[in-house]
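# requesting a structural model of the entry that follows:
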Amino acid sequence: MSVVIVGGGLMGLSAAFHLRRADPGRPVTVLERARVGSAASGASAAGVRVMGRDPAERRLALESLARWPGLDRELEAETRYRRGGGLRVALDDGAWRAARRWAEEQRADGVPLELVDAAGARRLAPGISAECLGGVFSPIDGQAGAMATVQAFATAARRLGARIEEGVGARALVAERGRVVAVERRDGGRQPCDVAIVAAGAWSIPLLAALGVRLPLETRPLQMLLTVPAPSALNPVLGCFERKLSLKQLMDGAYLIGGGWPARIVDHATNRWEVLEDSVKASLEVASSVYPVLSECALAESWAGLEAFTPDELPILGPVPGIDGLLVAAGFSGHGFALSPVVGDVLARLAQGRDALEPLWRGLRVDRSGLGGA
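Sure, this is the predicted structure:
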């Protein structure tokens, strides 16, 4: 049985790796419209976190984070992963009062979190705002390199025999008598398959819609900012209650600033976007208010990634009801990066008819309430 994966981002590449590792004789082809990681995966903030996850994806996140420390060894390639923890701080009384309940609710699901006072927060992240009243710390959160991780999965999948074709997108999915039988390529070819996995991010929408699968996916462009390198000072990934911030210091000393600030889509089909001056300014102001060190760091680069969002901002994962052999992984809503090791394993298991670890992702199914299916 052959598998065609549409999309050469992290989810598709992880599925290819897991498929070939579990069954070296199974033909696996990845069709990527541009270059691997050229869309949302490569533009990601590359956070590896469980803190702050919705209950429906906590088990999936916990299982994924257990994989990350050994992922370089599994892939025989470097992801630039490091586990420096995650710290979400409170700068006002209301946020600080709510932080305890927020942490307790997650701890009840097995998420390792601890409440730290202002002094504890400053020990974890010297240089944070004098207004910090305390925070919530997760020792198992961390970060990796976005493109490094994409290339690590691609290298590992190729080494195991997966065929990854770049510059070859999918024009359409072909179904006969309620079953996927092929993928039409944009170069005019036809790729027969027994299973098709659609993991094409924001470009999944038209492929699925042509088969009558209308999932409520909305494309949003999310902005990222990168400063010039600075002396190493920040170990955990830093966030803030009630403010849009995800802040990391990379291995070279540069600060990576995200948090969900919007950019503008210029051309969805060709992945063209424009960074917005107002978003850049607002993002820098928030980041500097939480971590004043940033006011002394010049901006070096800015970019955006086109992300597929669902109404509840939870991913859609698994088989498509009514169409045999069709699997989907889409709508990761800006926070799928960390989940990629286990999402790929789940997709591979589903394609092979093995135990698909459903308790980890049952609440993310295609046919969950409010989403619909085929």
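# hmm, residue 325 and residue 178 touching each other?
No: judged on C-beta atoms under 8 Å, residue 178 makes no contact with residue 325 at a distance of 9.3 Å. Where you see a C-beta, it was placed from the backbone N, CA and C, and this is true even at glycine.
# now do the shared contacts for the two.
Residues touching both residue 178 and residue 325 (C-beta atoms under 8 Å, 6 or more residues apart in numbering): none.
# higher neighbour count, these two?
Using other C-beta atoms under 10 Å, the more surrounded residue of residue 178 and residue 325 is residue 325, with 20 against 11.
# so the residue lying closest to the more buried one once chain neighbours are set aside, which of the three states?
In space, and not counting its chain neighbours, residue 325 is closest to residue 180: 4.0 Å by C-beta to C-beta, 6 or more residues apart in numbering. Following DSSP: H, G, I helix; E, B strand; the rest coil, we place residue 180 in the strand state.
# from residue 327, how far off is residue 180?
Residue 180 is 9 Å from residue 327, where distance means C-beta to C-beta, to the nearest Å.
# shared neighbours, these two?
Going by C-beta under 8 Å, 6+ apart, residues that sit against residue 180 and also against residue 327 are 195-196.
# next secondary structure after the helix-or-strand element of the chain with minimal mean pLDDT?
Lowest by mean pLDDT, DSSP states H and E among the helices and strands of the chain is helix 40-43, with a mean of 87. Per DSSP states H and E, the first helix or strand lying C-terminal to helix 40-43 is strand 47-48.
# helices or strands next to that next one in the packing?
Other elements packing on strand 47-48 under the criterion 3 or more C-beta pairs under 8 Å, 6 or more residues apart in numbering; DSSP states H and E are strand 142-143.
# which residues sit against the strand it packs on?
By C-beta under 8 Å, 6+ apart, the surrounding residues in contact with strand 142-143 are 46-49, 68, 81-86, 237, 248, 250.
# again, but for stretch 93-108
51-53, 58, 88, 90, 113-115, 133-136, 241-242.
# give the buried residues for that stretch.
Of all the residues in stretch 93-108, those buried under the rule 16 or more other C-beta atoms under 10 Å are 95-96, 99, 102-103, 106.
# residues contacting the residue nearest to residue 325?
Per C-beta under 8 Å, 6+ apart, neighbours of residue 180: 173-174, 193-196, 323-326.
# how far off centre is stretch 193-209?
Remark: stretch 193-209 is offset 17 Å from the chain centroid, using C-alpha atoms, centre = their mean, to the nearest Å.
# helices of the stretch 251-374 of the chain, start to end?
Applying DSSP state H, counting those that start in this stretch to the stretch 251-374 of the chain gives helices spanning 277-290, 340-352.
# same for the helix or strand where residue 115 lies, what does it pack against?
Element membership of residue 115, judged by DSSP H and E, is strand 114-117. Packing partners of strand 114-117 (3+ C-beta pairs under 8 Å, 6+ apart): helix 93-107, strand 134-138.
# name every strand pairing with that strand and say which way it goes.
Its sheet considered, strand 114-117 pairs with strand 134-138 (antiparallel) by DSSP bridges.
# out of the contacts of residue 180, give me the one that has the most neighbours.
Most surrounded of the contacts of residue 180: other C-beta under 10 Å gives residue 196, at 29 neighbours.
# what kind of secondary structure is that residue in?
Using three-state DSSP, the structure places residue 196 in strand.
# tell me the spacing between it and residue 367.
In terms of C-beta to C-beta, residue 196 sits 18 Å off from residue 367.
# also residue 101?
Distance, residue 101 to residue 367, using C-beta to C-beta: 32 Å.
# among the helices of the stretch 251-374 of the chain, which is nearest residue 264?
The closest of the helices of the stretch 251-374 of the chain to residue 264 is helix 277-290. By C-beta to C-beta, the value is 8.9 Å.
# where do the strands sit along the stretch 201-350 of the chain?
For the stretch 201-350 of the chain, strands defined by DSSP state E, counting those that start in this stretch occupy the ranges 218-227, 237-240, 246-249, 255-258, 264-267, 272-274, 299-309, 316-319, 326-330.
# switch these over to CSV; also include distance to residue 209 and mean pLDDT.
Below are those laid out as CSV (distance: least, C-beta to C-beta, whole Å; pLDDT from 0 to 100):
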stretch, distance to residue 209, mean pLDDT
strand 218-227, 13, 96
strand 237-240, 35, 98
strand 246-249, 32, 98
strand 255-258, 30, 98
strand 264-267, 18, 92
strand 272-274, 22, 93
strand 299-309, 13, 95
strand 316-319, 14, 97
strand 326-330, 12, 97
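# hey, which of the ones you listed is tucked in deepest?
Among the strands of the stretch 201-350 of the chain, strand 326-330 has the highest mean neighbour count (mean count of other C-beta atoms under 10 Å), at a mean of 27.
# okay, the angle between that strand and strand 299-309?
If you take axes from the mean of the first three to the mean of the last three C-alpha atoms, to 10 degrees, strand 326-330 sits at 140 degrees to strand 299-309.
# given strand 326-330, what are its sheet partners and their directions?
strand 195-198 (parallel), strand 316-319 (antiparallel).
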